[in-house]
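**Student:** Kindly return the folded structure for what I paste below:
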Amino acid sequence: MPFGLVSAWNKRRRSMSQDHSDPWIYKPAEFWQLEDLAPQPRKRRHASSVFTLKEMEEATCSFSDGNLLGKGGFGRVYRGTLKSGEVVAIKKMELPAIKAAEGEREFRVEVDILSRLDHPNLVSLIGYCADGKQRFLVYEYMHNGNLQDHLNGIGERRMDWPLRLKAALGAAKGLAYLHSSSCLGIPIVHRDFKSTNVLLDANFEAKISDFGLAKLMPEGQETHVTARVLGTFGYFDPEYTSTGKLTLQSDVYAFGVVLLELLTGRRAVDLNQGPNDQNLVLQVRHLLNDRKKLRKVIDPEMARNSYTIESIVMFANLASRCVRSESNERPSMVDCVREIQMIIYTNSKGLGMVMHSLRMV
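**Tutor:** Numbers count the residues shown, from 1 in each chain. Model prediction:
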């Protein structure tokens, strides 16, 4: 950074709160650079470990129900303890024979991609097991489960606005890293980004998981045309669905849907609602840029003293642009990181002013 910018930045910092525990929160927009997406140095495994079926059984007490963390279309996830004492999450692939080839392909993609990625907002792959027809993926253990469970009241801790913004920022940084070409030399489209694939560690830092549908975009190729649309209903980019053209902006649309989940506390698709209210995007899109109507969609579970209306308005505006039908009208993930950073600062500053006013009374 040029000396003049450093000087300006230092002056700006001195005028801010002394709480600089997260440098992302207080860095003004004019100084954000793509380099900020680079992960901080951390201990990196040189290669993913290879485990045997016996080791998987021992780690999970023979896949006991007491260690079951959850189920999905791929199979089940168990809490496990390796011989080293490390606690991990073990995904056991359980697909019907008709989908065996598809499952094997996703397994290989996940191992290949995650073995080469290293970012604090991506779940780390510790190892895998390919023993006969058995397939397991071993990840770092995420103490607070997935984002959707917390938004729907399954998690033990209620997520007020600052925690939701923290999750949004972490997920945005993870996607921006994938899209930036800095990881493997070419951009990666996640293709199945959703709230259940945003996991939360003990400090509620968000990490993106499940890379089985990820697609590497060859250099100079901004669009991948496919005859088969893959992903999860409710998060599908409408342009990708109608044309079969997959782009980085397909992830941006899905990210926008997750932003709406964070704002409203509702599911992307809720089949318990009436036919016209099942799809979250269609349900709230027309309200996002109307300040008065916007109050109706704010999750009532959030403490009112945890957010400012100004930060809500900014957040809703970003979500609205992310879920636009035309992909070229959506922001990039780098833009999303910058805007969420500013939203966090705006909310923090606004709440600080409120507390100061209360102390003056």
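
**Student:** May I have the residues that are in contact with V284?
**Tutor:** Applying C-beta atoms under 8 Å, 6 or more residues apart in numbering to V284 gives the contacts L260, T264, V297. Where C-beta positions appear, they are placed from N, C-alpha and C, glycine not excepted.

**Student:** for this protein, which helix is longest?
**Tutor:** Looking across the chain with DSSP state H, the single longest helix is helix 333-360.

**Student:** can you redo the contacts of V284 as CSV with neighbour count and pLDDT?
**Tutor:** Conversion of the contacts of V284 to CSV gives the following (neighbours: other C-beta atoms under 10 Å; pLDDT from 0 to 100):
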residue, neighbour count, pLDDT
L260, 25, 98
T264, 20, 96
V297, 19, 94
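
**Student:** how about TSV for those, with secondary structure and distance to N272 added?
**Tutor:** As requested, those are exported to TSV (DSSP: H, G, I helix; E, B strand; the rest coil; distance: C-beta to C-beta, whole Å):
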residue	secondary structure	distance to N272
L260	helix	17
T264	helix	15
V297	helix	18
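
**Student:** can you tell me which of the residues you listed lies nearest to G231?
**Tutor:** When the contacts of V284 are compared for distance to G231 (C-beta to C-beta), L260 wins out at 16.5 Å.

**Student:** Provide a list of residue ranges in the protein with pLDDT below threshold.
**Tutor:** 1-47, 155-156, 182-183, 218-229, 353-361 (pLDDT under 70).

**Student:** hey, where'd the helices end up in it?
**Tutor:** Assigned by DSSP H, the helices in the chain fall at 3-14, 23-26, 53-59, 100-114, 147-151, 161-179, 238-243, 248-264, 280-284, 291-294, 309-322, 333-360.

**Student:** Of those helices, which is nearest D65?
**Tutor:** Minimum separation from D65 across the helices of the chain (C-beta to C-beta) falls at helix 53-59, 14.4 Å.

**Student:** Remind me what that closest one packs against, helices and strands.
**Tutor:** Identification of packing neighbours for helix 53-59 by 3 or more C-beta pairs under 8 Å, 6 or more residues apart in numbering; DSSP states H and E yields strand 75-81, strand 87-93, strand 125-131, strand 134-140.

**Student:** Number of residues surrounding the residue lying closest to L165 once chain neighbours are set aside?
**Tutor:** Once flanking residues are discounted, L165 sits nearest to I344: 5.0 Å by C-beta to C-beta, 6 or more residues apart in numbering. Counted by other C-beta atoms under 10 Å, the residues lying close to I344 total 22.

**Student:** isn't I344 right next to L169, touching?
**Tutor:** Yes: using C-beta atoms under 8 Å, I344 is in contact with L169, at 6.6 Å.

**Student:** how about N146, what does it touch?
**Tutor:** Here N146 is in contact with G70, S195, T196, N197, V198, L199, L200 (C-beta under 8 Å, 6+ apart).

**Student:** try 6 Å
**Tutor:** N146 sits next to T196, L199 when contact means C-beta atoms under 6 Å, 6 or more residues apart in numbering.

**Student:** Please tell me how far it sits from K54.
**Tutor:** 29 Å (C-beta to C-beta, to the nearest Å).

**Student:** give me every residue that touches the residue most central in space within the chain.
**Tutor:** Of all residues in the chain, the one closest to the mean position by C-alpha atoms, centre = their mean is A171, 3.3 Å from it. Listed by C-beta under 6 Å, 6+ apart, the contact set of A171 reads V198, A206.

**Student:** tally of neighbours for K293?
**Tutor:** Using other C-beta under 10 Å, K293 has 12 neighbouring residues.

**Student:** pretty sure it contacts R285?
**Tutor:** No: K293 lies out of contact with R285 (C-beta atoms under 6 Å); the separation is 11.5 Å.

**Student:** residues in contact with the closest residue to S181 other than its chain neighbours?
**Tutor:** Excluding the flanking residues, the one nearest S181 by C-beta to C-beta, 6+ apart is P187, at 5.1 Å. P187 makes contact with H179, S181, M217, L248, according to C-beta under 6 Å, 6+ apart.

**Student:** The third one: neighbouring residues, count only.
**Tutor:** As a burial measure, the neighbour count of M217 was computed by other C-beta under 10 Å and equals 18.

**Student:** How about it: what's its closest non-neighbour residue?
**Tutor:** Once its chain neighbours are removed from consideration, M217 has its nearest residue in P187; the separation is 4.6 Å (C-beta to C-beta, 6+ apart).

**Student:** I'd like the distance between the one you found and Q278.
**Tutor:** Separation of P187 from Q278 (C-beta to C-beta) stands at 32 Å.
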